[in-house]
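Asks: structure, please.
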Amino acid sequence: MKCLVLFALCLHQVLGADQNLVQLAQSLRLNILVKQLQATGLADTLATGGPYTLFAPSDNAFGKLDGGQLNDTAAVTKLLKYHVVSGTYKGADVYNEQKLTSLLGPAIRINRYAHTNKISAEGAPVYRADEIASNGVIWLLDTPMSPPTGSMLDYINNDKNGLTILKKAINTAGIQSALQAEPLTLLAPNDAAFGRLDPGVLDKLLADKAKLTQVLQYHVIPGALFTSGMHSGYVRTLDHGEQLRITFQFFGLFKYVNDAQLSTEDVDVTNGVIHVIDHLLLPPDLAKTISALG
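Replies: Predicted structure coming up:
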């Protein structure tokens, strides 16, 4: 049985290598992708040009987009161009935190996660790579990618995202430059998270720059850790290497960092990723001190 599976895989690779990227996408039953490539005029480019690496959303992945999004030809064209990179990149060719320039212009961040043995492209999990065509290679995604619209600070400073107290805390601590580094993961407490503190604690914390800075650094993880790379275990933070505990419950439907649940996941920004959380995280050596401030 194992021999038959290996033979089928080898045959698929041989046949795929005789097909251009569009033909290979058709044989992989990427029906919506092929339809949209044809509608936007990109099918000719991917059939005759190259070599290219095509990050191909599955039909189910396209189902995650807003209903009317596929009816906007200009928007779809930009979306598809963001999924194409000049050159052939196989799974073995890429490294963690590598940035590949898309045809649209913005880069695609590649992450390789050793603990989960997974690869993501701008946070989108790759469920199959190295589908070889005559003029490139296809990587299959189960979520469409979207280019970051700004930096970590841009997202925090947009009051519509409900992080106004975090913005105030960052400005008070004066750690804006630290959040401009790359790559980073920010666990961003929303306004409701700060509201769960006992009365008076927030004001006293904002008045103590040293403690405030330590608390904020405890929410920052070096590297871009998208949910596809998360596993139950510990990760180090910028707070002198203090560790956070990440747990998954109910088969990954709910994700927690310490006791805080991720309420918004995988906000990709130009210098990493943001996960919004519903509780403030307190470093173990400060937890009792800060709780006593009330």
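Asks: run through the bridge partners of the closest residue to S86 other than its chain neighbours.
Replies: Nearest non-adjacent residue to S86, counting by Cβ to Cβ, 6 or more residues apart in numbering: Y52, 6.2 Å away. C-beta: built from backbone N, CA, C; applies to glycine. Taking DSSP bridges as the rule, Y52 bridges to S86, G136.
Asks: from here on, call the first residue 73.
Replies: OK, 73 is where the count begins now, so the last one is Y124.
Asks: from what I see, Y124 and G208 are in contact.
Replies: Yes - using Cβ atoms under 8 Å, Y124 is in contact with G208, at 4.1 Å.
Asks: got any residues that touch both of the two?
Replies: Residues within reach of Y124 and of G208 at once, by Cβ atoms under 8 Å, 6 or more residues apart in numbering, are 93, 118, 160.
Asks: picking up where we left off before, so for the residue nearest to S158, what's the pLDDT?
Replies: Y124 is assigned 98 on the pLDDT scale.
Asks: burial check on it, number of neighbours?
Replies: Using other Cβ atoms under 10 Å, Y124 has 22 neighbouring residues.
Asks: ok, it to Q91 distance?
Replies: 14 Å (Cβ to Cβ, to the nearest Å).
Asks: what do the two both touch?
Replies: With Cβ under 8 Å, 6+ apart as the test, Y124 and Q91 reach no residue in common.
Asks: tell me the SS of Q98?
Replies: Of the three states, Q98 takes helix under DSSP: H, G, I helix; E, B strand; the rest coil.
Asks: list the residues that contact it.
Replies: V106.
Asks: could you look up the SS state of L352?
Replies: L352 ends up coil, using three-state DSSP.
Asks: now do the one 4 residues further on
Replies: Under the three-state scheme (three-state DSSP), the conformation of P356 reads as coil.
Asks: that one: neighbouring residues, count only.
Replies: Count around P356 with other Cβ under 10 Å applied: 11.
Asks: you'd agree it is up against D311?
Replies: No - using Cβ under 8 Å, P356 is not in contact with D311; the gap is 9.9 Å.
Asks: circling back: ok, now how distant is the residue nearest to S158 from Q98?
Replies: 16 Å.
Asks: distance between stretch 337-357 and the chain's centre?
Replies: In terms of Cα atoms, centre = their mean, to the nearest Å, the centre of stretch 337-357 is found 12 Å from the chain centre.
Asks: and it, what's buried?
Replies: For stretch 337-357, burial by neighbour count (16 or more other Cβ atoms under 10 Å) applies to 337-355.
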